[in-house]
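Colleague: my questions are about this predicted structure, shown below with the sequence.
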Amino acid sequence: MPLPPPLKVELTVESYLKGTRVDGFLLKHFRNYSSWRIQRMIQAGCAKIDGRTIDLSERLYRGQRVEFSLLEPPDKLLPPEDHELEILFEDPWLLVINKPPGMICHPTGDYQTGSLCNAIQGHLDRRTAVTGLLRPGIVHRIDRQTSGAIVVTKDHLSHRLVSIEFQRERVSKAYYALVQGVISQDEILIDLPIGQARGDTILMSAKAGALDARPSKTRVRVMQRFAEQTFVEAKPFTGRNHQIRVHLAEVGFPLVGDEYYEAGGKLKPPRPDIPLEWDTEIGPTPNTTDPATGLTRHFLHAGRLAFSHPITGEWMEFLAPLTADLQAALHRLNRMKVGN
């Protein structure tokens, strides 16, 4: 039985890639291919401009149209996995996912499977002519135990443009959190620099003396008060690691179920079963249950995400509903409130 002909694609050189060598340009577009495999296909005559075979060392100009035949399969493919995803939005350039708790964003260290990237790679492979033609691009991360809205790109240009929006803090985000303690003010603004906690290589701190502290600002609005907890909306104006968790703990209201941070910004001592070092995104899995809510993870959910579409320029807003465990926790507190 004859093999099917290789997939042929036509690409236009973007302005920011002018002067790039042809192999570098193609690596941007085909992120599941190694440079060695891209170069081998170029040398085999798979890349052309106007029917002319391109030399490996040739540099490209803006607006040129490059024809490329995918003669070989990708050799850097993420292991695709069949996980059910709650997709809030999808188009040819973007995916917005309501990430479940307990799932890391991308493979790391010994954890090369079970990530959001693995699940999205499987989703993309089911929708493209060639396995591995597209590779998910993680623009921003949310912690393993945090759920909610996260945007993932499908192509290199969208990844670049959305990343710039995040770096320039032109993205609007809102999180929902349940904290220990009752916040008396209806709204508070926490304006405290955040840096690396002294004596720790992973955790963060808003205390004086934190290493490499950077300006950080979070606005907190009370949504509902309970006997010993407060349900809040937190809007970060900056994008520091663990920002909401660190800020709320520092002013005396740590997240319900937080693994790391206590009131006053103190760090919880590691449990005996936790090694002294672990990956910043994997972390330990909580083995305790919050008695009031029944939660086995911290209550933090990325409920709203808004940004400009990288290609159309349209301002888009996405709402991610609370996950079932967080809804159940609030329902449990409301029942206790009514009972009292």
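Modeller: Yep, that arrived.
Colleague: how about the nearest residue to Lys266 once chain neighbours are set aside, what does it touch?
Modeller: Once flanking residues are discounted, Lys266 sits nearest to Ala249: 7.7 Å by CB to CB, 6 or more residues apart in numbering. The way it works is simple: take the backbone N, C-alpha and C, and place the C-beta from them, glycine included. Contacts for Ala249 (CB atoms under 8 Å, 6 or more residues apart in numbering) come out as Leu255, Asp258, Tyr261, Glu262, Ala263, Gly264, Gly265, Lys266.
Colleague: can you tell me the SS state at Ala249?
Modeller: helix (DSSP: H, G, I helix; E, B strand; the rest coil).
Colleague: against Glu262, how distant is it?
Modeller: Using CB to CB, to the nearest Å, Ala249 is found at 6 Å from Glu262.
Colleague: isn't Ile150 right next to Leu116, touching?
Modeller: Yes. If you go by CB atoms under 8 Å, Ile150 and Leu116 touch, sitting 7.2 Å apart.
Colleague: these two - which one has more neighbours?
Modeller: Neighbour count, other CB atoms under 10 Å: between Ile150 and Leu116, Leu116 has more, with 26 against 23.
Colleague: that one touches Ile104, doesn't it?
Modeller: Yes. In this structure Leu116 lies within contact range of Ile104 using CB under 8 Å: 7.0 Å.
Colleague: phi, psi of Lys268?
Modeller: Main-chain dihedrals, Lys268, degrees, to the nearest 10: phi -70, psi 140.
Colleague: stretch 225-236: how far from the chain's middle?
Modeller: Distance, stretch centre to chain centre, for stretch 225-236: 24 Å (CA atoms, centre = their mean, to the nearest Å).
Colleague: list the buried residues of it.
Modeller: By 16 or more other CB atoms under 10 Å, the buried positions in stretch 225-236 come out as Phe226, Gln229, Thr230, Phe231, Val232, Glu233, Ala234, Lys235, Pro236.
Colleague: and those residues, which is closest to Lys8?
Modeller: Pro236 (44.7 Å; CB to CB).
Colleague: so where do the helices sit in this structure?
Modeller: Secondary structure of the chain (DSSP state H): helices located at 22-29, 35-43, 116-125, 156-167, 243-250, 324-339.
Colleague: need those helices in CSV (columns: distance to Ser308).
Modeller: Output for the helices of the chain, formatted as CSV (distance: least, CB to CB, whole Å):
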stretch, distance to Ser308
helix 22-29, 21
helix 35-43, 31
helix 116-125, 22
helix 156-167, 6
helix 243-250, 22
helix 324-339, 29
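Colleague: go through those helices and pick out the most buried.
Modeller: Highest mean neighbour count among the helices of the chain (mean count of other CB atoms under 10 Å): helix 243-250, with a mean of 25.
Colleague: on the pLDDT front, check Thr285 for me.
Modeller: As predicted, Thr285 sits at a pLDDT of 49.
Colleague: and what of the one 4 residues further on?
Modeller: pLDDT, the model's per-residue confidence, is 77 for Thr289.
Colleague: verify the contact between it and Asp325 for me.
Modeller: No. Judged on CB under 8 Å, Thr289 makes no contact with Asp325 at a distance of 11.2 Å.
Colleague: residues shared between the contacts of those two?
Modeller: Leu295.
Colleague: touching both of Ile150 and Leu116, which residues are there?
Modeller: In contact with both Ile150 and Leu116: Ile97, Lys99, Cys105, using CB under 8 Å, 6+ apart.
Colleague: dig out what the first one forms beta bridges with.
Modeller: Note on Ile97: beta-bridge partners Ile87, Ile150, judged by DSSP bridges.
Colleague: contact partners for it?
Modeller: When contacts are counted by CB under 8 Å, 6+ apart, Ile97 touches Leu85, Glu86, Ile87, Leu88, Leu116, Ile120, Ala149, Ile150, Val152.
Colleague: now do the last one
Modeller: Cys105 sits next to Lys99, Ser115, Leu116, Cys117, Ile138, Arg141, Ile142, Ile150, Glu281 when contact means CB under 8 Å, 6+ apart.
Colleague: would you reformat the residues you listed as JSON lines and include distance to Gly199?
Modeller: Below are these laid out as JSON lines (distance: CB to CB, whole Å):
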{"residue": "Lys99", "distance to Gly199": "31"}
{"residue": "Ser115", "distance to Gly199": "30"}
{"residue": "Leu116", "distance to Gly199": "31"}
{"residue": "Cys117", "distance to Gly199": "32"}
{"residue": "Ile138", "distance to Gly199": "29"}
{"residue": "Arg141", "distance to Gly199": "24"}
{"residue": "Ile142", "distance to Gly199": "26"}
{"residue": "Ile150", "distance to Gly199": "31"}
{"residue": "Glu281", "distance to Gly199": "21"}
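Colleague: ok, now how distant is the residue nearest the centre of the chain from Ser115?
Modeller: Against the mean C-alpha coordinate of the chain, by CA atoms, centre = their mean, the closest residue is Arg141 at 2.7 Å. Between Arg141 and Ser115 the distance is 11 Å, computed by CB to CB.
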